[in-house]
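**Q** Here is my input, please return the structure:
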Amino acid sequence: MFAFIDQEMIKAVILLILTIYVFYGSLSLDGSKPSLLKVIHTIAITAIISIFVVAYNNKEDAIANTKAFLHKSVFVCKNSENLYRVSKKDGWSVDGYYFVKDSLMIRADGCERR
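**A** I've put the predicted structure just below:
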């Protein structure tokens, strides 16, 4: 599950927490400010839950894509700046949650079926 936690998502969550911390003085529901500790605690719990929900969804996407691949579907995958056509016909195989060809491994959740 941890392999599906995206670094960009973690950066976004940290930025969100820092932004709310900076604008804490303007947070107010009924004219009184909530304690800073409660605000940060609530944000942290929400962020952790969100990260795991997204990771779970990414894992489910990878499972669905590898199953579809085994039934001869064709995918377009992006790895860094390159696009790859992934299919059995092109010599790709599945290893766990990855599409593999030679020494190249691409995580299956980031691919689109064509």
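**Q** Could you measure from Lys89 over to Asn82?
**A** For Lys89, the distance to Asn82 (C-beta to C-beta, to the nearest Å) stands at 19 Å. C-beta coordinates here come from the backbone N, C-alpha and C atoms, glycine included.
**Q** Tell me who's in contact with the closest residue to Asn79 other than its chain neighbours.
**A** Closest residue to Asn79 apart from its sequence neighbours, by C-beta to C-beta, 6 or more residues apart in numbering: Ile106 at 4.9 Å. Applying C-beta atoms under 8 Å, 6 or more residues apart in numbering, we find Ile106 in contact with Cys77, Asn79, Tyr84, Val86, Tyr98, Phe99, Val100.
**Q** Okay, and Ile106 sits in which element?
**A** Using DSSP states H and E, Ile106 sits within strand 104-107.
**Q** Also Glu112?
**A** Assigned by DSSP H and E, Glu112 falls within strand 111-113.
**Q** buried set for that strand?
**A** Within strand 111-113, the residues that count as buried by 16 or more other C-beta atoms under 10 Å are Cys111.
**Q** Could you pull up the mean pLDDT of that strand?
**A** Averaging pLDDT along strand 111-113 yields 92.
**Q** right, and the helix or strand after the top helix by length along the chain?
**A** For the chain, the helix that runs over the most residues, judged by DSSP state H, is helix 36-70. Under the assignment DSSP H and E, the closest C-terminal helix or strand after helix 36-70 is strand 75-79.
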